[in-house]
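Asker: coords please:
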Amino acid sequence: MVNTRLAKKYSLHSSHTRDSMSLLKTNYLPMNRKLQIRDVTLRDGQQSLFATRMKQSQIERVLPIYKEAGFYALEVWGGAVPDSIMRFLNEDPWERLEKIKAEIGNISHLTALSRGRNLFGYNPYPEEVIEGFNRNAVQSGISIMRIFDALNDTSNIKSTIKYVKENGGLADCVVCYTVDPKFTRKERILARLKGKPLPKAIFTNEYFVNMAKELEAMGADMITLKDMAGLVPPHRVSQIITSFKKQLKIPVDFHTHCTPGFGLASALAAIIAGVDILDTAILNFAGGPAAPAFELIQIFCTKLGIETGINLDAIVRINKILKDIRVEMGDIDSYKIFPIEFDITKDQLPEHIDKLFDYAIKYARSDNEEALLDTCGQIEKYFNFPDPDEKVKFAEVPGGMYTNMLSQLKQLKQEDLLPRVLEVIPTVRLAAGCPPLVTPTSQIVGAQAVNCVIDEKNGKPFYSNNSNQFVNLVKGSYGKTPIPVDPDFREKIAGIREEVPFNTANYEKQPNPSFPKYGENVKLATNEKEELLLELFPTVANKFLNDRIERIYGQPLKDAETKKQQAYEAEVQKYNALSDEEKQERLIDGLYHWN
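Answerer: Have a look, this model is predicted:
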């Protein structure tokens, strides 16, 4: 759809170096295609901005309108949701999913994020646990399970594909985007002199395409290029999505975040490259560390003649409620920066802002990355989204990893070591087989880098203090790393030279204790779903289920004891009010024998 206001006289921002009139004279050719939108507001959006603290009652305020919106899919579960809502809200993860499904029905696919063999926890699990969790997830309402592995090890995804599809769900298999470690020229020269040259390129476009093809052959129903850290720039995403579309026969999704400032521009580049599905969040839960805003994507799609099929009136109503919810969660809001009030159904953008959308499309089509990023940055600034995080952009690590390392150092009162930690990360990561920086490997590598720098400060060699998780990563317990771990290094860290994969024979099921004081058959976990919560989140689920047992069984007993005590005290008061003669008579009659 061509915006006629583009024909008006317009003075470009100084950073636009192209011939402005030639750009304005070129009409858009409608692309005549539909872009499916996966809304991630209720899972990834709230997890990115508010540490997954939305209550069930808050979610239920927007569900009826989401039913009207008509999104292709809604990401509502998995990730940190099961852990966080038990830990902080005392809510049941299964009940949350089932209530959402009851309201949405089959209007939109409900999707969850799973860490493959790690499921929604942080450790590898045996087949019976993987099967049980995926079966129950699909039966409770999930129709698309998005499956990734923190090492991009496809063998860790295989089982989940099988069990999701066996139960009637769709397997959305993830290729985790990551970047190569950054080494200085000096470091590369020193490595060559030592006879162990540093790798020049690991995560090439071919690497991502080959992994996607492997997942398609394993039964994937769709492929997602998942950029958890928001590190993929527009030019790169255009290359990868274009290759995916040429070499895959299944739909392609793109997921990114806006932390370092690439998100909106890269999303537009993915659209131009022909992506089938795009992940977005609604305005008040978008931007910053979260996904690009749906409203901005919709403006681009309208100009490109791309249909999204979304009820925009519903979006406006949802967005208003989301703002109220943000205010309610102000104490845990990461930014407390609200986007401007914007009604996409009626508000007219200022002419110079409207033109920025047109120029962004031109720059995306001509692969002018610098101008595209600048233009999208101006758009986001107008809508009052947080500025790009330059520290994260420079360090090329996920925002959560950066803040975790800083928090770790602050607890030790050594935050001045952070610059050195950032320098050490590539070395630690490479030694551990160069895992993608995504949960949980990002936290494992980051924490170990902190340990190494503290060792160094204390006059000790690197790896004098190693976490159990880092040992397991090097050992091979999490799976195969993108490049092999040096056997000498593995022996130094784990005491063995050969890789030792996760062994299900060593797995011990979590105990499910009984409560005989409440009844013969009362157990902590009363059904398979609760047993699965115990397996994945033993500490958190144990407390959650204990509290539930107390609420269900303990309170009636406490109430009965309270009433008995109150009756006793009432009788004592009556007795004390009697005369001495009356007390004697009652005692003789045997009416008051409290002992």
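
Asker: Please pull up the helix or strand immediately following the lowest-mean-pLDDT helix or strand in the chain.
Answerer: Within the chain, no helix or strand scores below helix 20-25, which has a mean of 34 by mean pLDDT, DSSP states H and E. For helix 20-25, the following helix or strand on the C-terminal side (DSSP states H and E) is strand 33-34.

Asker: Just name whatever secondary elements that next one is in contact with.
Answerer: Using 3 or more C-beta pairs under 8 Å, 6 or more residues apart in numbering; DSSP states H and E, the elements in contact with strand 33-34 are strand 306-307. Bear in mind the C-beta positions are built from the backbone N, C-alpha and C, glycine included.

Asker: who does the strand it packs on pair up with?
Answerer: Counting by DSSP bridges, the strands paired with strand 306-307 are strand 33-34 (parallel).

Asker: I'd like to know which elements the helix or strand following the strand it pairs with is packed against.
Answerer: Past strand 33-34, further along toward the C-terminus, the next helix or strand under DSSP H and E is strand 36-39. Contact partners of strand 36-39 among helices and strands, from 3+ C-beta pairs under 8 Å, 6+ apart: strand 73-78, strand 277-280, helix 294-304.

Asker: Now render the ones you listed as CSV, adding mean pLDDT and distance to residue 238.
Answerer: Output for the helices and strands packed on strand 36-39, formatted as CSV (pLDDT from 0 to 100; distance: least, C-beta to C-beta, whole Å):
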stretch, mean pLDDT, distance to residue 238
strand 73-78, 96, 23
strand 277-280, 98, 14
helix 294-304, 98, 15
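
Asker: could you redo the ones you listed as a markdown table and give each row mean neighbour count and distance to residue 517?
Answerer: Converted to a markdown table, the helices and strands packed on strand 36-39 look like this (neighbours: other C-beta atoms under 10 Å; distance: least, C-beta to C-beta, whole Å):
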| stretch | mean neighbour count | distance to residue 517 |
| --- | --- | --- |
| strand 73-78 | 26 | 35 |
| strand 277-280 | 26 | 49 |
| helix 294-304 | 22 | 52 |
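
Asker: Need these in CSV (columns: distance to residue 130).
Answerer: Below are these laid out as CSV (distance: least, C-beta to C-beta, whole Å):
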stretch, distance to residue 130
strand 73-78, 14
strand 277-280, 25
helix 294-304, 33
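
Asker: So for residue 214, which of those sits nearest?
Answerer: Taking C-beta to C-beta, strand 277-280 is the member of the helices and strands packed on strand 36-39 nearest to residue 214, at 20.2 Å.

Asker: wait, what's in contact with residue 534?
Answerer: 510, 512, 524-525, 541-542, 545 (C-beta atoms under 8 Å, 6 or more residues apart in numbering).

Asker: and those, which are buried?
Answerer: The neighbour count (16 or more other C-beta atoms under 10 Å) marks 510, 524-525, 541-542, 545 as buried among those.

Asker: Mind picking the two most distant members of these?
Answerer: 510 and 545 (10.8 Å).

Asker: Flag the shaky bits of the stretch 151-300 of the chain, pLDDT-wise.
Answerer: Filtered on pLDDT under 70, the stretch 151-300 of the chain yields no residues whatsoever.

Asker: All the helices of it, in order from the start?
Answerer: Using DSSP state H, counting those that start in this stretch, the helices found in the stretch 151-300 of the chain span residues 158-166, 185-193, 205-217, 234-247, 263-272, 294-304.

Asker: Take those and lay them out in CSV including distance to residue 450.
Answerer: Formatted as CSV, the helices of the stretch 151-300 of the chain follow (distance: least, C-beta to C-beta, whole Å):
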stretch, distance to residue 450
helix 158-166, 32
helix 185-193, 20
helix 205-217, 28
helix 234-247, 29
helix 263-272, 28
helix 294-304, 37
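
Asker: Please identify the most buried of those.
Answerer: By mean neighbour count, with neighbours taken as mean count of other C-beta atoms under 10 Å, helix 263-272 ranks first of these at a mean of 29.

Asker: Alpha carbons only: can I get that helix in PDB?
Answerer: C-alpha atoms of helix 263-272 as PDB (Å, rounded to 0.1, in the frame of the first residue of the first chain):
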ATOM      1  CA  GLY A 263      15.700  -5.900  16.700                       C
ATOM      2  CA  LEU A 264      13.400  -3.700  14.600                       C
ATOM      3  CA  ALA A 265      15.700  -3.400  11.600                       C
ATOM      4  CA  SER A 266      16.500  -7.100  11.600                       C
ATOM      5  CA  ALA A 267      12.800  -8.000  11.800                       C
ATOM      6  CA  LEU A 268      12.100  -5.800   8.700                       C
ATOM      7  CA  ALA A 269      15.100  -7.400   6.900                       C
ATOM      8  CA  ALA A 270      13.600 -10.800   7.700                       C
ATOM      9  CA  ILE A 271      10.200  -9.700   6.300                       C
ATOM     10  CA  ILE A 272      11.900  -8.500   3.100                       C
END
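
Asker: List of residues touching that helix?
Answerer: 35, 225, 227, 230, 232-235, 237-238, 241, 254, 256-258, 278, 280, 287, 291-293, 296-297, 300-301, 304, 306, 360-361, 364-365, 369, 372-373, 375-376, 379-380.

Asker: Please name the residues that touch residue 443.
Answerer: 400-401, 404, 469.

Asker: out of the residues you listed, which one sits closest to residue 335?
Answerer: residue 400 (14.4 Å).

Asker: So for residue 353, which of the helices of the stretch 151-300 of the chain sits nearest?
Answerer: When these are ranked by proximity to residue 353, the top entry is helix 294-304, at 9.8 Å, counting by C-beta to C-beta.

Asker: now the closest one and helix 263-272, what's the angle there?
Answerer: 40 degrees (axes from the mean of the first three to the mean of the last three C-alpha atoms, to 10 degrees).

Asker: Quick one: the contacts of residue 443 as JSON lines, columns for secondary structure too.
Answerer: Formatted as JSON lines, the contacts of residue 443 follow (DSSP: H, G, I helix; E, B strand; the rest coil):
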{"residue": "400", "secondary structure": "helix"}
{"residue": "401", "secondary structure": "helix"}
{"residue": "404", "secondary structure": "helix"}
{"residue": "469", "secondary structure": "helix"}
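
Asker: Could I get those in TSV, plus columns for neighbour count, distance to residue 460 and pLDDT?
Answerer: Output for the contacts of residue 443, formatted as TSV (neighbours: other C-beta atoms under 10 Å; distance: C-beta to C-beta, whole Å; pLDDT from 0 to 100):
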residue	neighbour count	distance to residue 460	pLDDT
400	22	28	77
401	25	24	82
404	17	23	79
469	19	20	92
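
Asker: in what helix or strand does the nearest residue to residue 509 once chain neighbours are set aside lie?
Answerer: Residue nearest to residue 509 in three dimensions, not counting chain neighbours: residue 535, with 6.9 Å by C-beta to C-beta, 6 or more residues apart in numbering. Take DSSP H and E as the rule and residue 535 turns out to sit in helix 528-536.

Asker: coming back round to it: which one of the helices of the stretch 151-300 of the chain lies closest to residue 454?
Answerer: Between the helices of the stretch 151-300 of the chain, helix 185-193 lies closest to residue 454; by C-beta to C-beta that is 21.0 Å.

Asker: Off-centre distance for that closest one?
Answerer: 37 Å (C-alpha atoms, centre = their mean, to the nearest Å).

Asker: export that helix as PDB, just CAs?
Answerer: Provided in PDB are the C-alpha atoms of helix 185-193 (Å, rounded to 0.1, in the frame of the first residue of the first chain):
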ATOM      1  CA  ARG A 185      45.000  -9.800  16.600                       C
ATOM      2  CA  LYS A 186      47.600 -10.200  19.300                       C
ATOM      3  CA  GLU A 187      45.800 -13.100  20.800                       C
ATOM      4  CA  ARG A 188      45.600 -14.800  17.400                       C
ATOM      5  CA  ILE A 189      49.300 -14.400  16.800                       C
ATOM      6  CA  LEU A 190      50.200 -15.800  20.200                       C
ATOM      7  CA  ALA A 191      47.900 -18.700  19.600                       C
ATOM      8  CA  ARG A 192      49.600 -19.500  16.300                       C
ATOM      9  CA  LEU A 193      53.000 -19.300  17.900                       C
END
